[in-house]
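[1] For reference, the sequence and a predicted model appear below.
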Amino acid sequence: MSSILRRCTKLTHSGILSMLPGSNGRSCALQYFASEKRYSTSSKIKVDLDSNTGVAIMQFQSPPVNSLSLDFLTEFAINIEKLELDRSCRGVIITSALPKVFSAGLDILEMYQKSPEHYVEFWKAVQEAWFKLYGSSKVTIAAINGNSPAGGCLLAMCCDYRIMAENPRYSIGLNETQLGIVAPFWFKDTMQNVVGHRETEKGLQLGKLYTAPEALKVGLVDELVPEEKVVSSAAEAMSKWLAIPDHARQLSKSMMRKPTIDRLLAAREADITNFVSFTSKDSIQKSLGMYMEMLKKRRS
Amino acid sequence: MSSILRRCTKLTHSGILSMLPGSNGRSCALQYFASEKRYSTSSKIKVDLDSNTGVAIMQFQSPPVNSLSLDFLTEFAINIEKLELDRSCRGVIITSALPKVFSAGLDILEMYQKSPEHYVEFWKAVQEAWFKLYGSSKVTIAAINGNSPAGGCLLAMCCDYRIMAENPRYSIGLNETQLGIVAPFWFKDTMQNVVGHRETEKGLQLGKLYTAPEALKVGLVDELVPEEKVVSSAAEAMSKWLAIPDHARQLSKSMMRKPTIDRLLAAREADITNFVSFTSKDSIQKSLGMYMEMLKKRRS
Amino acid sequence: MSSILRRCTKLTHSGILSMLPGSNGRSCALQYFASEKRYSTSSKIKVDLDSNTGVAIMQFQSPPVNSLSLDFLTEFAINIEKLELDRSCRGVIITSALPKVFSAGLDILEMYQKSPEHYVEFWKAVQEAWFKLYGSSKVTIAAINGNSPAGGCLLAMCCDYRIMAENPRYSIGLNETQLGIVAPFWFKDTMQNVVGHRETEKGLQLGKLYTAPEALKVGLVDELVPEEKVVSSAAEAMSKWLAIPDHARQLSKSMMRKPTIDRLLAAREADITNFVSFTSKDSIQKSLGMYMEMLKKRRS
C-alpha cells in the first residue's frame, strides 16, 4: 500500500498535467452521458463521473493497446481507490478509448530483462489492481469494446457485469499458456468464479481466447451488443444494478468474493516470490523474447 | 433443539385440534394419490402420507401467502422431523395449498419492532427449518405452484428436485437485497450449490426474481410443467427417485451436502448474533417499515 | 507404490508374452496414425506410441467389457506411469478395442466374497489408477466409443478432454447407487470438477446414466462424433492441445487438480478402511450378489 501511495503523489501530478483525449471514433457512444463532467485525467486512464447518476466512466487510453504496464496499473489502482472513497460515485463503467482493443493485458516489457526488484514492484502493482477492482464496493461493469486477452480478461472478469461488442473478431480469455507462461492461482480463482471449474481447466490449459459468441456461451461475458452500443448498454445495465440499495448489494458482493480475496491476501508474499523466480528463469525469458519477436514481425 | 421440542408439544396439540382443509381448487391434482391418508394436520401445514408409496405430500396452507412466521417454521421443522423418523416415509413433496404462491418467504413481522430475544428465537427457527430440510435423508421434491421469493426460494432450493408451474408470472429467487437486507451465507451456499458461483453472485446482488422460464434456464428449477400438473409431475419424478435404494442414495446426498451443513453448524451462534444485530439496526428497521407500507398500498 | 512396482515386474513379463490384438472393426480408425509403433502390449491393455507425434493410443482389450479388475487397474497404472516417465510421449488417447463398451467400471468380482486383505489391495489399485491418470502431466483424451458406467466414467472424467460416439444407446455416468453402493468422495470430486455441484448431486443420487446427447448437454463429455470417428477426432483434438507449450500447460493443469488430489492423499487410509468396511457388510454383499444374478440372467 505505501508504495502505491508514494506513486500516487507522482501520478496525481502527472495526471493534472496530462493531455486531453483526442477524438477517437467512440465519443459518440459517450454522448449518452449528458451531464458528465471530467473527474480526473491521468496520462493513461480517463475518468468522468456523472454527478447526477453517480456513474463514472473509466476509459483506457494508453496506445497502442492499453498494455498493463507498471505505470498503467498504478494509475488504475489509484483511480479505482479514489472512486471507492468518493461517496458520490456508485458505479464504474470500464471501457477502452482505443479502437479494437479493451486491453492487451500485462505489459511484457515489464517482465523482460529487468531486475528482480522491478519484477517485485510490477507484480505488487498487478496484485494491487486486482485487490482494488475485485474488492470494489461500487457496481463495476466492463464495456468490452475490443480484444481482451490475459490481464485484459482479468480486469473484465473482476467486474460485476460484462458487456462485449458482438464483433466475432474480438476475443477474450486467459491465454497465458500460449506464451509459455502460467496464469497465477488468483487469475484462475477469478475465472473459476465466473465460468466454473471445468471451463477454467480447459480454458487455462489451452490458453483459449474465446470469440465474443463463445464467451457469451460459456458465461465469460453476460451480454453481446453491437459495437457502438457497448457503453450505452453498460449504462442501461448500470441503472438496473443501481436500483438496489447499495449497502445490501455491497454486503452480498463481499460475501461472494471475500474467500477469494482472502486466499491471495494469505499468500501475497509467496505469490510475489513465485512470480519473480518464474519470470527470472532463462527458459521463460527466452519464451517472452520469442513472443515479442513474433509480435514485432506481425506488426511490420 | 430443546426449544423446538418444547414448541413441538404445543403444536402437536394444536395440530390435533386444527381445522380440516377446505376445497382450494388444487385438490384435483392430489387425486393422483389414491391411497393417501391424513398423516397430520396442524394449523399451517397439512401432511398426507400415502402408505402404499411412502410418499408424503406437505401442503402449505397459511393464508394469505404462506409467510414463514415463527409458528410456521416451527411446525415445518417438526413435520419434517416427524417424517424423517417415520420409516414408512421415503419421500416428501412440498407444495402450496394456496393460489398463486408457494411461499412468500420469511415473515417480516417477525423482524419488525420486536425484542432481540424474539429475533434470536425467530432466527433459530429459520436455521432449524433449513437444517431439517437440507439435511433430510428422504427424497424431497418441491412442487412450486406459485411465487417463491426469498425464504420460499430457500425451501425450494433445499429439495432434491424442483418442478415449477410454467406460468411466466410466477417467479423465484433470493430477492433480499431489494428489501435492503442481505441473504445470510448459508442461503448463499444453498443457492451456489444449485446454480453455481456466478449466477449466485449476480442473483444475490440484484435480488433477482427469476421468472419460471429464467429459473429453468439457469438451473434454479429442474422442470416446468402446466400449473395443474405440478403435483402429479412431482409424484412421477418421485417414483424415479424412489427406484434407487434408499441407503446408497442417502449416503450420496449426505456426501454432497455435509460440508455446507457443517459450515452453518460451526457458525450457528455467530450467525444468530449477526442476524440480531443487523435486524436491530435503525436503518434496517426503517427499510422494513417502508417495505411493509409499500406492500399495504399495493394490496389496497 | 511398492506393491505396484512388484506387480509391474510380473506384468511386464506377461505383457511381452501377451497375444496380439485381433481385428475388431475399429482398426480402421487407427490407421490415422500412420507412423505408429507398438509401445507395449500387456494382456489387457495395448499401448502404441507414435514417435512422430508423441501421442500414445491406449486401447482397453479385456473382454467381455473391460472390467476394472485388480489386474487391469494395475496394468493401467503401470502403463500410465511408464508414459509419464517417457519424455517422448506428450499425450495419451484412451479408448476401447472392444465393441460397444469403453469400460464397464470396477470389476464387482473383486468386491464379492473376498477377504478384507483383498479388498484393501483392490481399493489401493483403484486409488492408484486415479492418482496416476488424474495427476498425469500428459494431455489425456478419452475416446469414448461405447458404454462407460461407474469406474469407466471415472477414467473418462480424469482425462483433459472427452469425445464420445454419438450413438444414443451408449451412456456414461456414476451409476453406483443403482447397485446399492456409493461412489467415494473423490469420484464425487472428480465429477463435480467436470459438471458442477448440482448436476453431480442429482447424478450421484439417481445413479444416472447419461445418454451421449445428455452427457454433452450437461458437459460430462465435450464433443459427440460419429462412432467411426471417435479416435481420429481425439487425435485432431490432441494436436490442438499439443500446440500449447507443455510446461505452461502442465502447471495450469496441476493448479486446477492439486486440491482434489491432495484431498484423497490426506484421506487415503481412511478411504480404504471405509471401502473395506462398507464392502464387507452383509447387506452390500447381498446387493452385489443380486446384481450379478441379474446380469447373468440378462446375458442368458
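    On my side now, so go ahead.
[2] and residue A:155, how many neighbours does it have?
    Around residue A:155 there are 27 other residues, counting by other Cβ atoms under 10 Å in any protein chain shown. Placement of C-beta: from N, CA and C, glycine included.
[3] Let me know whether residue A:173 touches residue A:220 as I believe.
    Yes. Counting by Cβ atoms under 8 Å, residue A:220 is a contact partner of residue A:173 at 7.3 Å.
[4] Name the residues contacting each of the two.
    Counting by Cβ atoms under 8 Å, 6 or more residues apart in numbering or on different chains, the contacts common to residue A:173 and residue A:220 are A:153, A:210.
[5] Give me the helices and strands touching the longest helix seen in chain A, please.
    Looking across chain A with DSSP state H, the single longest helix is helix A:246-280. Helices and strands touching helix A:246-280, by 3 or more Cβ pairs under 8 Å, 6 or more residues apart in numbering or on different chains; DSSP states H and E, are helix A:116-134, helix A:185-206, helix B:185-206.
[6] Dump these to CSV, plus mean pLDDT.
    Shown next, in CSV, are those (pLDDT from 0 to 100):
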stretch, mean pLDDT
helix A:116-134, 98
helix A:185-206, 98
helix B:185-206, 98
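[7] Tabulate the ones you listed (CSV), appending mean neighbour count and distance to residue A:151.
    Below are the helices and strands packed on helix A:246-280 laid out as CSV (neighbours: other Cβ atoms under 10 Å in any protein chain shown; distance: least, Cβ to Cβ, whole Å):
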stretch, mean neighbour count, distance to residue A:151
helix A:116-134, 20, 7
helix A:185-206, 22, 8
helix B:185-206, 22, 20
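[8] thinking again about what came up before, the next helix or strand after the longest helix of chain A: which residues count as buried?
    Going down the chain from helix A:246-280, the next helix or strand is helix A:282-299, by DSSP states H and E. For helix A:282-299, the neighbour count (16 or more other Cβ atoms under 10 Å in any protein chain shown) marks A:284, A:287-288, A:291 as buried.
[9] so does helix A:282-299 get close to chain C?
    Yes. Helix A:282-299 comes into contact with chain C (Cβ under 8 Å from any Cβ of the partner chain), by way of A:283, A:287.
[10] Show me how far that helix is from its chain's centre.
    23 Å (Cα atoms, centre = their mean, to the nearest Å).
[11] Could you tell me how far the spatially closest residue to residue A:227 that is not a sequence neighbour is located from residue A:229?
    Once flanking residues are discounted, residue A:227 sits nearest to residue A:165: 4.0 Å by Cβ to Cβ, 6 or more residues apart in numbering or on different chains. Residue A:165 sits 9 Å away from residue A:229, going by Cβ to Cβ, to the nearest Å.
[12] neighbour count winner among those two?
    Between residue A:165 and residue A:229, residue A:165 has the larger neighbour count (other Cβ under 10 Å), namely 24 against 18.
[13] Spell out which helix or strand contains residue A:59, please.
    Per DSSP H and E: strand A:55-60 holds residue A:59.
[14] who does that strand touch, helix- and strand-wise?
    Checking 3+ Cβ pairs under 8 Å, 6+ apart, strand A:55-60 ends up next to strand A:45-50, helix A:70-85, strand A:91-96, helix A:230-242.
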